[in-house]
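S.K.: please work out how this folds:
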Amino acid sequence: MINKLKQYQDDFDLLISKVSSLKELAELRSKFLGKKGCVSLMLIEMRSLSDDQKPQAGKHINEFKKNIATLIQEKTQVLEKTSDQTSVRTEGFDTTLRGRGNSPGSIHPISQIMDEVISIFFSLGFRVEEGPEIESDFYNFEALNIPKDHPARDMQDTFYIGEEVLRTHTSPVQIHVMENQKPPLRIIAPGKVFRCDSDISHTPMFHQIEGLMVDENLSFGDLKGVMNSFLYEVFGKQTKTRFRPSFFPFTCPSAEVDIECVMCSGQGCRVCSKTGWLEILGCGMVDPAVFKSVDYDPERWLGFAFGLGIERIAMLKYTINDIRLFFENDLRFLKQF
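M.R.: Numbers count the residues shown, from 1 in each chain. Just a heads-up that it's a prediction; the model follows:
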């Protein structure tokens, strides 16, 4: 039996030296250590030995089995290492590299600007009011002194849902508030608005914040003070502003507010059409006709209103030239904020 074990050992040493894959090694393991392998056959043969021979034979068989198992384990480690290196070369994947892990999320830039604007007006004494995104013609147009023939009422500018509309501004919130609350008032109305428009500077859905202040003895000077305080907080105290006469159906007098171009510092560029200025928001003193529609006495109460686009402020603050980037959910863009 000892001679047979020696022959098995020589055969094993020769065979394992030729093994080049884990599959071949598994077949070799089965041949020597499997249920029908050489070791099992030797144990069966040992039954025919005398009682004096069995202990010595069992000892040699166990040593042979342990030696084979050790050699197979060593060969397994060598083949696994070689397999990993081959995988790296052929697949370009290094299994020893650390994982990428999970990237932390961040607040969307539009939400960041929205929160910043609300915080600034909150510090100026304004409170937030909200309203429905689907409005009647009365709240979206008529109560705001927008005439029946105004272009904003056209189908190509407004999304109609039967007799109602997706609100084109958040000004209807002001009407809802004035119908249910008595002056003095100091509110802002943030939210989504909808218009039939789409290009690099317009989207069908965007965000606005419109504000309203109603009190006795208000003047356009108060309006300018609030607007300048807000713009200085957003763009810095060095920001230059100007108020240009304009027209809005629900304010009189009305103005558009410009800031010095953030791209060229007022020198004139393509973005500001060589003027050195960029329009940032619209504002004005509340038209008495609006007060009459909500039963406010225009002889006693005065007010001013303003409206600004959150996307526009974000584009100017972060020097972004295409509004659509905010809504494409491209992580390469969003991770910058």
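S.K.: can you show me the helices along this protein?
M.R.: For the chain, applying DSSP state H gives helices covering 2-18, 22-33, 38-46, 54-91, 109-123, 137-140, 171-180, 220-235, 288-293, 310-317, 331-334.
S.K.: of the ones you listed, which shows the lowest average pLDDT?
M.R.: Of all those, helix 54-91 carries the lowest average pLDDT, namely a mean of 77.
S.K.: just put the helices of the chain in CSV and tack on mean neighbour count.
M.R.: Using the backbone N, CA and C atoms, a C-beta is placed for each residue, glycine as well. Below are the helices of the chain laid out as CSV (neighbours: other Cβ atoms under 10 Å):
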stretch, mean neighbour count
helix 2-18, 13
helix 22-33, 16
helix 38-46, 15
helix 54-91, 13
helix 109-123, 17
helix 137-140, 18
helix 171-180, 21
helix 220-235, 17
helix 288-293, 18
helix 310-317, 22
helix 331-334, 11
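S.K.: tell me which of those sits nearest to Gly276.
M.R.: Checking the helices of the chain against Gly276 by Cβ to Cβ gives helix 310-317 as the closest, at 13.9 Å.
S.K.: that closest one to helix 109-123, inter-axis angle?
M.R.: Angle of helix 310-317 versus helix 109-123, following axes from the mean of the first three to the mean of the last three Cα atoms, to 10 degrees, is 100 degrees.
S.K.: going forward, begin numbering at 687 instead of 1
M.R.: Got it, first residue is 687 now, which makes that one helix 996-1003.
S.K.: now do helix 996-1003 and helix 906-921, the angle between them.
M.R.: On the basis of the same axes, to 10 degrees, helix 996-1003 is oriented at 60 degrees to helix 906-921.
S.K.: got the contact list for helix 996-1003?
M.R.: 795-796, 798-800, 803, 876, 887, 889, 892-895, 920-921, 945, 948, 964, 966, 1006-1007, 1009, 1012 (Cβ atoms under 8 Å, 6 or more residues apart in numbering).
S.K.: if we can go back for a sec, and of the helices of the chain, who's closest to Ser959?
M.R.: helix 996-1003 (14.6 Å).
S.K.: identify the spatial nearest neighbour of the spatially most central residue of the chain, chain neighbours not counted.
M.R.: With distances taken as Cα atoms, centre = their mean, the residue of the chain nearest its centroid is His794 (5.0 Å). Spatial nearest neighbour of His794, excluding adjacent residues (Cβ to Cβ, 6 or more residues apart in numbering): Leu1020 at 6.8 Å.
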